[in-house]
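>>> Sequence and predicted structure below; questions after.
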Amino acid sequence: MKLVFATHNLGKLQEVRELLSPDYEVIGLNDLGDHEEIEETALTLEGNAWIKARAVWEKHGLSCFSDDTGLEIEALNNAPGVFSARYAGQAKSPDANMDKVLTELNGVKNRKARFRTAVALVLQGEEYLFEGTVQGEITSVRSGVKGFGYDPIFSPDGFSGTFAEMDAATKNEISHRGLAMKKLVAFLSAH
Ligand code: IMP
(Lines give C-alpha, C1' and ligand atoms only; values in the text may rest on other atoms or scores of the structure.)
Protein backbone atom coordinates (compact mmCIF):
# COMPACT_ATOMS: atom_id res chain seq x y z
CA MET A 1 0.00 0.00 0.00
CA LYS A 2 1.14 3.52 -0.80
CA LEU A 3 1.56 5.92 2.10
CA VAL A 4 2.72 9.54 1.93
CA PHE A 5 5.08 10.99 4.53
CA ALA A 6 4.27 14.73 4.48
CA THR A 7 7.86 15.94 4.38
CA HIS A 8 10.40 17.39 1.96
CA ASN A 9 13.23 16.11 4.18
CA LEU A 10 14.91 13.24 2.31
CA GLY A 11 16.85 12.03 5.37
CA LYS A 12 13.69 11.56 7.44
CA LEU A 13 11.96 9.92 4.48
CA GLN A 14 14.71 7.37 3.93
CA GLU A 15 14.77 6.43 7.62
CA VAL A 16 11.03 5.78 7.77
CA ARG A 17 10.91 4.11 4.37
CA GLU A 18 13.27 1.43 5.65
CA LEU A 19 11.14 0.85 8.74
CA LEU A 20 7.95 0.29 6.72
CA SER A 21 9.12 -1.62 3.67
CA PRO A 22 8.07 -3.91 2.06
CA ASP A 23 4.49 -3.73 3.41
CA TYR A 24 4.12 -0.01 2.77
CA GLU A 25 5.58 2.00 -0.08
CA VAL A 26 6.41 5.30 1.61
CA ILE A 27 6.71 8.32 -0.67
CA GLY A 28 7.51 11.95 0.15
CA LEU A 29 5.99 15.17 -1.12
CA ASN A 30 8.77 15.57 -3.70
CA ASP A 31 7.80 12.18 -5.17
CA LEU A 32 4.32 13.60 -5.77
CA GLY A 33 5.79 16.66 -7.50
CA ASP A 34 4.37 18.67 -4.61
CA HIS A 35 6.93 21.32 -3.66
CA GLU A 36 4.54 23.59 -1.79
CA GLU A 37 5.54 24.34 1.82
CA ILE A 38 2.64 23.53 4.16
CA GLU A 39 2.35 26.34 6.71
CA GLU A 40 2.54 25.16 10.32
CA THR A 41 0.25 27.66 11.99
CA ALA A 42 -1.03 25.63 14.97
CA LEU A 43 -0.03 26.31 18.57
CA THR A 44 0.59 22.65 19.42
CA LEU A 45 2.75 19.89 17.95
CA GLU A 46 -0.34 17.76 17.43
CA GLY A 47 -2.10 20.64 15.65
CA ASN A 48 0.77 21.08 13.20
CA ALA A 49 1.03 17.35 12.57
CA TRP A 50 -2.71 17.26 11.75
CA ILE A 51 -2.45 20.28 9.42
CA LYS A 52 0.17 18.50 7.31
CA ALA A 53 -1.43 15.04 7.24
CA ARG A 54 -4.92 16.37 6.47
CA ALA A 55 -3.61 18.75 3.79
CA VAL A 56 -2.10 15.85 1.84
CA TRP A 57 -5.19 13.66 2.25
CA GLU A 58 -7.41 16.49 1.00
CA LYS A 59 -5.13 17.55 -1.84
CA HIS A 60 -3.99 14.16 -3.15
CA GLY A 61 -6.53 11.68 -1.74
CA LEU A 62 -3.69 9.51 -0.44
CA SER A 63 -3.21 8.08 3.06
CA CYS A 64 -0.61 10.15 4.82
CA PHE A 65 1.32 10.69 8.04
CA SER A 66 3.36 13.61 9.29
CA ASP A 67 5.46 14.47 12.33
CA ASP A 68 6.14 17.52 14.40
CA THR A 69 8.72 17.79 17.18
CA GLY A 70 9.49 20.25 19.94
CA LEU A 71 11.87 20.66 22.86
CA GLU A 72 9.92 21.27 26.08
CA ILE A 73 11.90 22.79 28.96
CA GLU A 74 10.23 22.58 32.37
CA ALA A 75 11.67 25.81 33.83
CA LEU A 76 10.55 27.72 30.71
CA ASN A 77 6.93 26.54 30.91
CA ASN A 78 7.60 24.00 28.16
CA ALA A 79 9.10 26.54 25.74
CA PRO A 80 10.33 26.49 23.01
CA GLY A 81 7.86 23.64 22.24
CA VAL A 82 6.07 24.17 18.96
CA PHE A 83 8.38 27.14 18.24
CA SER A 84 11.60 25.08 18.55
CA ALA A 85 12.81 25.62 14.97
CA ARG A 86 12.31 29.42 15.06
CA TYR A 87 12.88 30.12 18.78
CA ALA A 88 15.52 32.80 18.12
CA GLY A 89 13.90 34.07 14.92
CA GLN A 90 12.79 33.17 11.43
CA ALA A 91 16.36 32.40 10.34
CA LYS A 92 15.88 29.08 12.20
CA SER A 93 19.52 29.09 13.32
CA PRO A 94 20.35 26.14 15.61
CA ASP A 95 23.24 28.11 17.12
CA ALA A 96 21.11 31.14 17.92
CA ASN A 97 18.38 28.84 19.32
CA MET A 98 20.86 27.10 21.64
CA ASP A 99 22.33 30.44 22.75
CA LYS A 100 18.87 31.67 23.63
CA VAL A 101 18.08 28.57 25.69
CA LEU A 102 21.43 28.66 27.51
CA THR A 103 21.00 32.35 28.31
CA GLU A 104 17.48 31.82 29.62
CA LEU A 105 18.64 28.94 31.81
CA ASN A 106 21.69 30.79 33.09
CA GLY A 107 21.73 30.24 36.87
CA VAL A 108 18.57 28.10 36.75
CA LYS A 109 18.88 24.87 38.76
CA ASN A 110 16.01 22.95 37.16
CA ARG A 111 17.44 21.80 33.80
CA LYS A 112 14.74 19.16 33.10
CA ALA A 113 13.60 18.96 29.48
CA ARG A 114 12.11 16.55 27.01
CA PHE A 115 11.81 16.17 23.28
CA ARG A 116 8.32 15.27 22.16
CA THR A 117 7.20 14.11 18.73
CA ALA A 118 3.60 13.90 17.56
CA VAL A 119 2.83 11.74 14.53
CA ALA A 120 -0.55 12.19 12.85
CA LEU A 121 -1.85 9.51 10.48
CA VAL A 122 -4.80 9.79 8.10
CA LEU A 123 -5.37 6.24 6.87
CA GLN A 124 -8.08 6.10 4.22
CA GLY A 125 -9.85 8.97 5.97
CA GLU A 126 -9.53 7.55 9.51
CA GLU A 127 -7.37 9.56 11.93
CA TYR A 128 -4.81 8.22 14.43
CA LEU A 129 -2.22 9.96 16.65
CA PHE A 130 1.07 8.63 18.07
CA GLU A 131 3.55 10.23 20.46
CA GLY A 132 7.15 9.66 21.48
CA THR A 133 9.07 11.42 24.25
CA VAL A 134 12.57 11.31 25.67
CA GLN A 135 13.35 12.90 29.04
CA GLY A 136 16.65 14.55 29.80
CA GLU A 137 18.46 17.70 30.86
CA ILE A 138 19.80 20.83 29.24
CA THR A 139 23.56 20.96 29.75
CA SER A 140 25.35 24.19 30.68
CA VAL A 141 27.60 24.15 27.59
CA ARG A 142 27.51 22.56 24.13
CA SER A 143 29.12 19.12 23.68
CA GLY A 144 29.46 17.03 20.54
CA VAL A 145 29.10 17.67 16.82
CA LYS A 146 26.73 14.92 15.63
CA GLY A 147 23.00 15.23 15.01
CA PHE A 148 21.25 18.56 14.50
CA GLY A 149 19.14 21.24 16.20
CA TYR A 150 19.47 21.25 19.99
CA ASP A 151 21.43 17.97 20.16
CA PRO A 152 24.65 19.54 21.58
CA ILE A 153 22.82 20.80 24.70
CA PHE A 154 20.43 17.88 25.37
CA SER A 155 21.58 14.98 27.53
CA PRO A 156 19.03 12.12 27.68
CA ASP A 157 18.41 10.50 31.08
CA GLY A 158 20.58 7.43 31.66
CA PHE A 159 23.39 8.64 29.40
CA SER A 160 26.37 10.77 30.39
CA GLY A 161 26.76 12.72 27.13
CA THR A 162 24.55 14.72 24.80
CA PHE A 163 22.62 13.54 21.73
CA ALA A 164 25.37 15.22 19.67
CA GLU A 165 27.90 12.77 21.13
CA MET A 166 25.87 9.66 20.16
CA ASP A 167 25.94 7.76 16.91
CA ALA A 168 22.73 7.96 14.90
CA ALA A 169 21.69 4.35 15.60
CA THR A 170 21.90 4.79 19.39
CA LYS A 171 20.01 8.08 19.22
CA ASN A 172 17.27 6.53 17.04
CA GLU A 173 16.81 3.71 19.55
CA ILE A 174 15.86 6.08 22.36
CA SER A 175 14.77 9.28 20.64
CA HIS A 176 11.36 10.93 20.66
CA ARG A 177 11.04 10.56 16.86
CA GLY A 178 12.33 6.96 16.91
CA LEU A 179 9.77 6.00 19.58
CA ALA A 180 6.85 7.74 17.85
CA MET A 181 7.76 6.13 14.53
CA LYS A 182 8.02 2.70 16.20
CA LYS A 183 4.45 3.13 17.46
CA LEU A 184 3.31 4.08 13.95
CA VAL A 185 5.09 1.07 12.45
CA ALA A 186 3.63 -1.32 15.06
CA PHE A 187 0.14 0.03 14.31
CA LEU A 188 0.55 -0.23 10.55
CA SER A 189 2.09 -3.69 10.78
CA ALA A 190 -1.04 -4.89 12.59
CA HIS A 191 -3.29 -3.40 9.86
P1 IMP B 1 10.69 19.05 13.22
O2 IMP B 1 9.25 19.09 13.61
O3 IMP B 1 11.22 17.65 13.12
O4 IMP B 1 10.99 19.87 12.00
O5 IMP B 1 11.50 19.70 14.42
C6 IMP B 1 11.32 21.06 14.81
C7 IMP B 1 12.58 21.58 15.49
O8 IMP B 1 12.80 20.88 16.72
C9 IMP B 1 13.87 21.39 14.69
O10 IMP B 1 14.09 22.47 13.82
C11 IMP B 1 14.91 21.36 15.80
O12 IMP B 1 15.24 22.67 16.23
C13 IMP B 1 14.19 20.65 16.92
N14 IMP B 1 14.44 19.19 16.88
C15 IMP B 1 13.60 18.25 16.41
N16 IMP B 1 14.13 17.02 16.54
C17 IMP B 1 15.34 17.21 17.10
C18 IMP B 1 16.38 16.30 17.51
O19 IMP B 1 16.30 15.08 17.35
N20 IMP B 1 17.46 16.87 18.07
C21 IMP B 1 17.60 18.22 18.25
N22 IMP B 1 16.68 19.09 17.89
C23 IMP B 1 15.55 18.60 17.33
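Everything's here; your move. Remember, it's a predicted structure, so these values are computed and weren't measured experimentally.
>>> Would you mind listing what in this structure touches the ligand?
68-71, 84-85, 115, 147-151, 163, 175 (C-beta under 6 Å from any ligand atom). To be clear about C-beta, it is placed using only N, CA and C from the backbone, and glycine gets the same treatment.
>>> quick check, nearest of the residues you listed to the ligand?
Nearest to the ligand among the residues of the chain next to the ligand is Gly149, at 2.4 Å by C-beta to the nearest ligand atom.
>>> mind listing what that closest one touches?
Leu71, Ser84, Ala85, Pro94, Asn97 (C-beta atoms under 8 Å, 6 or more residues apart in numbering).
>>> on that earlier part again, only the buried members of the residues of the chain next to the ligand: can you turn that into a PyMOL selection?
Buried subset of these, written as a PyMOL selection, criterion 16 or more other C-beta atoms under 10 Å:
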select buried, resi 68+69+70+71+84+85+115+147+149+150+151+163+175
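>>> Which ones among the residues of the chain next to the ligand map onto strands?
Judged by DSSP state E, strands contain the following of these: Asp68, Thr69, Gly70, Leu71, Phe115.
>>> show me what contacts the last one?
I take that to be Phe115. Contact analysis of Phe115 by C-beta under 8 Å, 6+ apart lists Thr69, Gly70, Leu71, Glu72, Thr133, Val134, Gly136, Phe154, Ser175, His176, Arg177.
>>> do that again at 6 Å, thanks
When contacts are counted by C-beta atoms under 6 Å, 6 or more residues apart in numbering, Phe115 touches Leu71, Val134, His176.
>>> Please apply the same query to Gly136.
Gly136 neighbours (C-beta under 6 Å, 6+ apart): Ala113, Phe154, Ser155, Pro156, Asp157.
>>> returning to that earlier point: specify which member of the contacts of Gly149 is nearest to Pro22.
Within the contacts of Gly149, proximity to Pro22 (C-beta to C-beta) peaks at Ala85, which comes in at 32.9 Å.
>>> Flag the least confident of the residues of the chain next to the ligand.
Minimum pLDDT for these is recorded at Gly147 (89).
>>> give me phi/psi at that one?
Phi and psi for Gly147, reported as degrees, to the nearest 10, are phi 70, psi -150.
>>> any idea how far it is from Lys112?
20 Å (C-beta to C-beta, to the nearest Å).
>>> same question, Val16
Between Val16 and Lys112 the computed distance is 29 Å (C-beta to C-beta).
>>> In the chain, where's the longest helix?
Using DSSP state H, we find that the single longest helix of the chain is helix 45-60.
>>> what's next to it, contact-wise?
So helix 45-60 is contacted by 4, 6, 38, 40, 42, 64-66, 68, 70, 82, 118, 120, 122 (C-beta under 6 Å, 6+ apart).
>>> now stretch 168-185
Val16, Leu19, Phe115, Arg116, Thr117, Val119, Phe130, Glu131, Gly132, Thr133, Val134, Phe163.
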